[in-house]
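**Q** I would like to see how this sequence folds:
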Amino acid sequence: MIEYLKVARIDHWLKNIFIVFGHAVAVVLVLDMEITGDVVKIAVLSLIPACLVASANYILNEILDAPFDKLHPTKKLRPIPAGLVKLPILWAMFVGCLIVGFALAFWWFKNPGYHIALALLAISGLVYNIQPVRLKDRAFLDVIAESFNNPIRLWLGWYAVLETTAQPPASIVLAWWAFGGLLMTGKRYSEYRFINNKELSGQYRKSFQVYSNTSLIIAMITYANFFCFCAGYAISNYESLNNLALVFPVIIFAIIAYFNQAMSEVGARLEPEQLMQKPLIIICTLLSGAITVGLLWAHKMDKFHFKAWMDSPTQFGG
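**A** Got it, this is the predicted structure:
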């Protein structure tokens, strides 16, 4: 049984914590930081259908990737290429996760925005993995498609706690998408260097026939800049977010730490998912989160307004 759970990647459900970002955006911009018990309850419930659909995507991914995983130094030990599981059971799990996930979504949530976002999560797994589209094999489009799960999770969080059908601000959606693109490109870069064999990596993943160390580094820089641009626009445009300008130094330091880890010799030997588990990156993430909460609360309580402080005139002399 444990091998089947490995294919469903229960341990990767943690990625759905990104849905909480959608909750946070809704709470700050629409609910004026008024968090009730009902909001907390529905926020927690919103994670469950997403986790089930995500597992369906993981199962599909591992089934279709098994022939290629046999060429990977470590992924060849996964349950399917190692012959430890039966495909009919996995296909049944795939269908079951989708059915239960959508059934719970329609039972718990009335906002059609949540249902549409959940459907997009399922569709993203199909176009990412299934021929003839299979965006996973297309250089640069693979990152754009995989990181699109970030906006989807933002929408899931947003529509779960709100009754509105209005979309969250495009600047925040694009910033979150670009942030995902940065992480996914770093994952590609680490994996590309981990295999360290152009011919073998190209057989394992077709997009690696196009990628190079230089192109992946340039892509990471592009996504980092686009994230900063969109996030900066949102912070300057929405008064309740103005204070978050002070979080940027920590975010930039976290991005630098991520770059450094992905480009280091140690990073080249790590599995891609291990990049985000390094202590310095975790500390920066937790610190930026704590500072964000503090600054949002300071604005809510009218204790500090960064824009007013920056715009206030300063006199020198008598």
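**Q** Distance from stretch 238-249 to the middle of the chain?
**A** Computed by CA atoms, centre = their mean, to the nearest Å, the chain-centroid distance of stretch 238-249 equals 21 Å.
**Q** Please apply the same query to stretch 97-117.
**A** 20 Å.
**Q** now stretch 25-45
**A** 20 Å.
**Q** which residues of the stretch 101-250 of the chain fall in helices?
**A** According to DSSP state H, counting those that start in this stretch, the stretch 101-250 of the chain carries its helices in the segments 112-129, 141-147, 149-161, 170-195, 198-204, 213-237, 248-263.
**Q** Against Gly157, how distant is the closest residue to Leu241 other than its chain neighbours?
**A** Nearest residue to Leu241 in three dimensions, chain neighbours excluded: Ile235, at 4.8 Å (CB to CB, 6 or more residues apart in numbering). In short, each C-beta sits where N, CA and C put it, glycine included. Distance, Ile235 to Gly157, using CB to CB, to the nearest Å: 19 Å.
**Q** ditto for Phe179
**A** Counting by CB to CB, the gap from Phe179 to Gly157 is 15 Å.
**Q** Of these two, which one has the most company?
**A** For Phe179 and Gly157, the more surrounded residue by other CB atoms under 10 Å is Gly157, and the numbers stand at 29 against 23.
**Q** Wait, the more buried one touches Val27, no?
**A** No: Gly157 is beyond contact range of Val27, at 9.5 Å (criterion: CB atoms under 8 Å).
**Q** Tell me how many other residues crowd Tyr192.
**A** If you count neighbours by other CB under 10 Å, Tyr192 ends up with 22.
**Q** surely it meets Phe208?
**A** Yes: if you go by CB under 8 Å, Tyr192 and Phe208 touch, sitting 6.0 Å apart.
**Q** Test my guess that Trp297 contacts Met33.
**A** Yes: the pair Trp297 and Met33 qualifies as a contact (CB under 8 Å) at a distance of 7.4 Å.
**Q** Which of these two has more residues huddled nearby?
**A** Comparing Trp297 with Met33 by other CB under 10 Å, the one with more neighbours is Met33, at 16 against 13.
**Q** So what does the more buried one have for phi and psi?
**A** Dihedral angles of Met33 (phi, psi; degrees, to the nearest 10) stand at phi 60, psi 30.
**Q** Over to Lys6?
**A** phi -60, psi -40.
**Q** what's the spacing between it and Cys97?
**A** Distance, Lys6 to Cys97, by CB to CB: 15 Å.
**Q** can you check Asn57 too?
**A** 9 Å.
**Q** Ok, Pro49 next?
**A** Distance, Pro49 to Cys97, using CB to CB: 10 Å.
**Q** between these two, which one's more packed in?
**A** Taking neighbours as other CB under 10 Å, Pro49 and Cys97 compare with Pro49 leading, 28 against 23.
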